[in-house]
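here's a sequence, model it:
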Amino acid sequence: MWRLRVTIESEVIIDIGNFKDPHVIFRIFEINDKNTKDGNLAPPNLRYCDILLQDDVGDIFEAYAFLYDKLNSFLDRLSLVSYGKSAIHSVLSIAPKSVSPNEEFEIAFPQYKTDRKTISINLSDLKYDNEITPEQQRWERLLRLGLNANSEEEKCISYYSLLEEIARNESSEFIVNTCKNCQHEVKTGRKATNNFIMALMKKYCIDKELIKKAPGIRNKIAHGGSKKDKSFYSDVAKINSHLEEVCLLELESRLKVDIINRLSAHIIDIPMVKHMCKCDSENSFELMETTQVIPARFVKLKHSSESAFSDQTALIGMPLDSQGKPIINAFSWPDIV
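Reported below is the predicted structural model:
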């Protein structure tokens, strides 16, 4: 039985307890000094949440995608009923609920950070004396919404909407509907924004198959109808890494500003790393091997018509101890039986 362990925060204080649907069991419990260092200092609206998968799913990342979607559905309902904010505070791990001594098992952890330097910015860097139109203000707002978004799906909607805004303003092509029977053409008066966006992505040498997927993924997020499996989340992460870079490059050029403190790489898959571990006879855990790494896309830092993006593989944002081994939160491990 796979267990996704997270912390969640909300504007209301959630009762301690369990509930379930046909596929998963939810367990809400408090953060205290018995399970977390300085846990007694945690606010009461911050809770631990375990989501236990009752179905038989072998792949750890397929299990993660399913449980992550269930978690977000729970938070959707919580926000509705409480009429307040609710969000994932942190994801600790996905692992078996319990293991026996000498048993080998897989455990995976999210990796959110990429290496970047914190730098200072002068007010003159903002070039705030440049005249800006209401459309350009909207572009900047959508970029900020994407950068501040809590989920990859929110990022995708924000970045794609930004490019749609540019397309609606600059595209000269309109959508024409053609009758399948008589071939009569009807002008809709709507801009062919998707064609404009795909041309922008092609300009930056983005893979043709990814360009084809981008509008469909955006529509599935906005209008539903998508199975939230491992492939879906992988595609969203990959598309976001490209959309974010395209948005930055286009705004840098159009607003005549220099982007400072840029990322040197974008994660292009589900941002998690998997380990093979063993529960030893002393009721502790041994990390045997890291078997999954995050694909990362390294990019050029300045606008260029010759920008070409390459796929690399790297461990990004992995906290390591003095011996170079990953540091793992003690409460992330399975129970020992």
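
could you identify the longest helix within this structure?
Longest helix in the chain, counting residues (DSSP state H): helix 230-254.

report the distance from it to the chain centre.
11 Å (CA atoms, centre = their mean, to the nearest Å).

how about that helix: buried residues?
Buried residues in helix 230-254, counted by 16 or more other CB atoms under 10 Å: 230, 232-251. No exception for glycine: its C-beta is placed from N, CA and C like everyone else's.

kindly report the same for stretch 64-80.
For stretch 64-80, the neighbour count (16+ other CB under 10 Å) marks 64-72, 74-75, 78-79 as buried.

turn the residues you listed into JSON lines, including pLDDT.
JSON lines is the format used below for these (pLDDT from 0 to 100):
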{"residue": "Y64", "pLDDT": "93"}
{"residue": "A65", "pLDDT": "91"}
{"residue": "F66", "pLDDT": "92"}
{"residue": "L67", "pLDDT": "94"}
{"residue": "Y68", "pLDDT": "93"}
{"residue": "D69", "pLDDT": "91"}
{"residue": "K70", "pLDDT": "93"}
{"residue": "L71", "pLDDT": "94"}
{"residue": "N72", "pLDDT": "91"}
{"residue": "F74", "pLDDT": "93"}
{"residue": "L75", "pLDDT": "94"}
{"residue": "L78", "pLDDT": "94"}
{"residue": "S79", "pLDDT": "95"}
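
secondary structure element for A95?
strand 86-96 (DSSP states H and E).

and that strand, what does it pack onto?
Under the contact definition 3 or more CB pairs under 8 Å, 6 or more residues apart in numbering; DSSP states H and E, strand 86-96 sits against strand 2-10, helix 60-82, strand 104-110.

neighbouring strands - and their directions - for the first one?
Each strand paired with strand 2-10, and its direction, by DSSP bridges: strand 46-53 (antiparallel), strand 86-96 (antiparallel).

where in the stretch 151-300 of the chain is pLDDT low?
Within the stretch 151-300 of the chain, the ranges that satisfy pLDDT under 70 run 173-181, 183-192, 226, 299-300.

do you have the strands of it handy? List them.
174-178, 185-191, 265-267, 272-279, 285-292, 294-298 (DSSP state E, counting those that start in this stretch).

can you point out the buried residues in the fourth one?
Right, strand 272-279. 272-275, 277-279.

those residues: which two are farthest apart?
M272 and C279 (20.9 Å; CB to CB).

quick check, central residue of the chain?
The centroid of the chain falls nearest to E152 when counting by CA atoms, centre = their mean (3.2 Å).

okay, domains of this protein per the record?
According to automatic domain parsing, the chain comprises the domains 2-96, 101-116+264-337, 129-262.
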